[in-house]
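Enquirer: Task: produce atomic coordinates for the following.
(chains A, B and C)
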Amino acid sequence: MTQAAPETPTREAWRMFRRNIPALMGLVILTGIVAAVLWGALVYQGDPFEIVWAPHEPPGVTPEFPLGTDYLGRNIVAGLLAGGGPTLAVGAVAALITMGIGIALGALAGYFGGWVDTLLMRVTEFFQVLPALLFAMVLVTLFSPSLWTIALAIGVVSWPQTARLTRAEFLRIKELEYVTAARAIGAQDGRIMWRVILPNAAPPLIVSATLTVGVAILFEAGLSFLGLGDPNVMSWGLMIGANREYILDAWWPVTFPGLAIFLTVLSVSLVGDGLNDAFNPKLRSR
Amino acid sequence: MTSFLIRRLVYGALLMLGVVVLNFLLIRMAPGDPAVVIAGEMGGASEEMLAAIRQDYGLTEPLIVQLGIYLGNVLRGDLGQSFFFNQSVVSLIAQRIGPTILLVLSAQVLSIVIGTALGVLAARKPSGLLSGLVSVFATIGYAVPVFWTGIMLIILFASVLPVFPVEGMASIKLRDAPWIIRAADIAHHLVLPAFTLAIIYLAQYARLSRASMMEVLGADYIRTARAKGTPERTVLFHHALRNAALPILTVAGLQFGNLISGALLVETVFNWPGMGRLAFDSILRRDYPTIMGVLFFASAMVVVANILTDLSYRLADPRLRGGA
Amino acid sequence: MSLLQIDQLRVTFQTRHGAVTALDGVSLSLNAGETLAVVGESGCGKSITALSVMGLISSPPGRIAGGAVRLAGEDLTHASEARLRAVRGAEVAMIFQEPMTSLNPVLTVGDQIAEAILLHQDMTRSEAWTQAVALLDRVGIPSAAARAKDYPHQLSGGMRQRVMIAMAVSCRPKVLIADEPTTALDVTVQAQIFDLLNEMQRDFGVAIMLITHDMGAVSEMADRVAVMYAGRVIESGAADDVLDAARHPYTRGLIGCIPSVDHGGALAEIPGVVPPLHLLGAGCAFAERCAHVREGCRLARPELQGGAHSVACFGAQEGWV
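Expert: Residues are numbered from 1 along each chain as shown, chains lettered A, B, ... in the order given. Predicted coordinates for the structure are as follows:
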């Protein structure tokens, strides 16, 4: 009530977001992780595969290796810094692919309805029947693992939920008056879909995209843990998978990468929850 | 009800047909000679072996005929031969599907029962301590990689608190014991894997059932129940929970596929001799017939779970019964 | 002594605006076998009065801050939860405004009636079921034995309200509280439900507290009337006296107006709406909407006075309204 100027929805959402302490914490942690990873890539530039010390050096003993070394004597800090990049990149790219496929199919189904809707929803249901991780494993194995195939595989298995969400939003919004108005002045279907309806469906889709990044990171970690990632690229999941045989001798080589994954996914989902609350102030008390 | 069941079964069968076609296409789309792909990477298959595969799968025929042959084989219950394990895929999976079903169902029951109980208790005090814990726990549970939880539990239970076995499904030394002791032994081995898998979903069911219960507890018919002198416990578990359970049931059905994905990782971590472990082993050996067989059966489990969910939903909600 | 005696009842609610007083010294009495209509617009406190009698004010945010609810001399505001459960349904029963949502959608109507019987009477399950079917028959539901196995969504609104009435009278309560029992129903069905309630009163000797905003219902049902406004009783007396010679300007407005379709909306004859409870000042709560308002009305709150036909209005008490 202090300002008379009307607030834009974005600004209002940001104001709500700023008041949300868990969401802010998530944003801070996430920024910290991204900054550390960037610093590792640009300044530190340690080779995560290089054997630098005796194996299984515990954390906090040698100042050069504050988190210790793994079963081969590789520096865990170097692994964490180098592994973050691929993990985050695959997460982000996979989320983009997921959103791309999901929004395109959901929009078509919701906008056109009829047989298009029936067909696309049957396809969506079909993809929901396939256990996602297993399907992704098959895809990655068939088409040889690289960051791109992994991101693509994660995208191909995770889009159905986005498609359902987009479809529901399109079904709701296409009945609203401004869409009818756009149609009345002769706007084309494509224009109505992408320029009129999609921007209005944006808030839930942005929230969904954020949460999808978290899911994609967990997927990537699972695949790398199973040894299905690119063996020449360090990632947090790979660190856990590689050291798994020795967990009873040394807890730290698996614990720190796991914490890194946990913190990243946690911060992403806190931000997602915060965005959700910011876009839907009425649902906040839930 | 019967016609609904028949419709659901036909639809399920169509979905499975889709899975078979997808399997077929995936093998054909893989780079390289399909016969070599099918034989798998086992240090080079012999020429006679490849010839036999081309013969069996009709690989010299047009694609559509190959699909026909493949479909025919699947209908006869033949999902091919694993050249690595030197067994038919169906018999391989038959040995492994039991432990997976045991693990997945235990985790499902654990997470739904404990999660719902926590959610119901939390709903009674929406701003109480338990409510706060439930939402924090749900947010954290969602972000922890399931395989890492398993590893952490192994470290904890192997070295600090050795009360549960951390590997396998049965103790070898009890192989000849009476069945009841073997069953107890399996249950003992099941504790950690099932709990690891359940923990993520447990938190989510707690959050969901809390929200659902809070909504239901504000409903008019709850006030009616109280107005006729119904004790609070009956109000909660008889009147409210039966209504609040409907969204939980929906999510339980939707989560089943994710649960199977999670089981894959958990089986690998705990050396649980199920389909996930089999998928992992066969993927490392590029044993495609086995991988595709696992994908087929895992999808079939999801289809069956979805049909059961739909059925139980109809039983739980009288508004869906009868017509419509 | 009355069967049900409400004395100076005060109920407060904790809200974002701080504690507000929803009921401010409400006193009502209900004699055995009679019908008392409690009348007023939405938000005047009628339903809260009813829920207080049942001990169903949700706490927090609600709290009974003072006064007493005496059922045959026993103060229910200080009764234990166990005692209240024994009273609810058995001695005081209640039917609600929304028959569509007041029945549990996943239980059969027979089960819901039988549950009430089993809670308060020493019966087997099958005896209770037989009793439930007999009650459904009694409240005019055709082929009751079959309908008892129906779920609420299979019945019409009027039928559901009959089910609610059957459930309410199932344990022969002394008091039946009917909170806007016909508001959500068709006009033709409304009359049937009132007839049924009158019949129940005759046959079971139950005293009815009818909560309504509809003066037509009052003339049809009530022996006595209490008019409420902003958490207080502002006029009370025999139904004929109040209907024929209302003393409070607000009551006159209620009688003059035809019930609007959207109950809870503004009344045609009285401009304005009930003020939000947290904005009540020191004076008469109706002052802002009253055509006869004088300076004194805004300074002090009139008390309910005047014997058998009492009123809380300076103008009526002093003879200038």
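Enquirer: give me the number of residues near C:Pro271?
Expert: By the measure other CB atoms under 10 Å in any protein chain shown, the count of residues near C:Pro271 is 12. Quick note: C-beta positions are derived from backbone N, CA and C, even for glycine.
Enquirer: and the next element down the chain from the helix or strand in which C:Arg83 is found?
Expert: Element membership of C:Arg83, judged by DSSP states H and E, is helix C:81-87. Sequence order places strand C:92-95 as the next helix or strand after helix C:81-87, per DSSP H and E.
Enquirer: Give me the most central residue, the chain.
Expert: I went with chain A, as the question did not name one. By CA atoms, centre = their mean, the mean C-alpha position of chain A lies nearest to A:Val213, the distance being 0.7 Å.
Enquirer: oops, chain B please
Expert: Central residue of chain B (CA atoms, centre = their mean): B:Ile260, at 3.1 Å.
Enquirer: Specify the residue ranges that define each domain of chain B.
Expert: For chain B, automatic domain parsing gives the domain ranges B:2-75, B:96-321.
Enquirer: So for chain A, which of the ones you listed sits nearest?
Expert: domain B:96-321 (3.5 Å; CB to the nearest CB).
Enquirer: Return the set of buried residues in the top helix by length along chain C.
Expert: Assignment by DSSP state H gives helix C:187-204 as the longest helix of chain C. Applying a neighbour-count criterion of 16 or more other CB atoms under 10 Å in any protein chain shown, one finds C:Val189, C:Gln190, C:Gln192, C:Ile193, C:Phe194, C:Leu196, C:Leu197, C:Met200, C:Gln201 buried in helix C:187-204.
Enquirer: Report the two of the residues you listed separated the most.
Expert: The distance between the two most remote of those (CB to CB) is 18.8 Å, for C:Val189 and C:Gln201.
Enquirer: Please report how far C:Ala207 lies from chain A.
Expert: Per CB to the nearest CB, to the nearest Å, C:Ala207 is found 40 Å from chain A.
Enquirer: residues contacting that residue?
Expert: C:3-4, C:30-36, C:174-176, C:201 (CB atoms under 8 Å, 6 or more residues apart in numbering or on different chains).
Enquirer: quick one: which of those is nearest B:Leu315?
Expert: Of all the contacts of C:Ala207, B:Leu315 sits closest to C:Leu176, with 35.4 Å by CB to CB.
Enquirer: So C:Ser2 sits against C:Ser29, correct?
Expert: Yes: using CB atoms under 8 Å, C:Ser2 is in contact with C:Ser29, at 3.9 Å.
Enquirer: Report the spatially closest residue to the closest residue to chain B within the stretch 101-250 of chain A, excluding sequence-adjacent ones.
Expert: Relative to chain B, the nearest point of the stretch 101-250 of chain A is A:Leu133 (3.5 Å; CB to the nearest CB). Nearest residue to A:Leu133, sequence neighbours excluded (CB to CB, 6 or more residues apart in numbering or on different chains): B:Ser261, at 3.5 Å.
Enquirer: hang on, the earlier thing: what's the offset of the strand or helix carrying the residue nearest to the centre of chain B from the middle of its chain?
Expert: Secondary structure from DSSP H and E places B:Ile260 in helix B:241-270. Centroid separation for helix B:241-270 versus its chain: 7 Å, with CA atoms, centre = their mean, to the nearest Å.
Enquirer: now stretch C:92-99
Expert: The answer for stretch C:92-99 is 9 Å, by CA atoms, centre = their mean.
Enquirer: That one spans what distance, first to last residue?
Expert: Distance between the boundary residues of stretch C:92-99 (CA to CA, to the nearest Å) amounts to 19 Å.
Enquirer: Any buried residues in it, and which?
Expert: Using 16+ other CB under 10 Å as the burial criterion, the residues of stretch C:92-99 that qualify are C:Val92, C:Ala93, C:Met94, C:Ile95, C:Phe96, C:Gln97, C:Glu98, C:Pro99.
Enquirer: Tell me the secondary structure of A:Glu175, please.
Expert: coil (DSSP: H, G, I helix; E, B strand; the rest coil).
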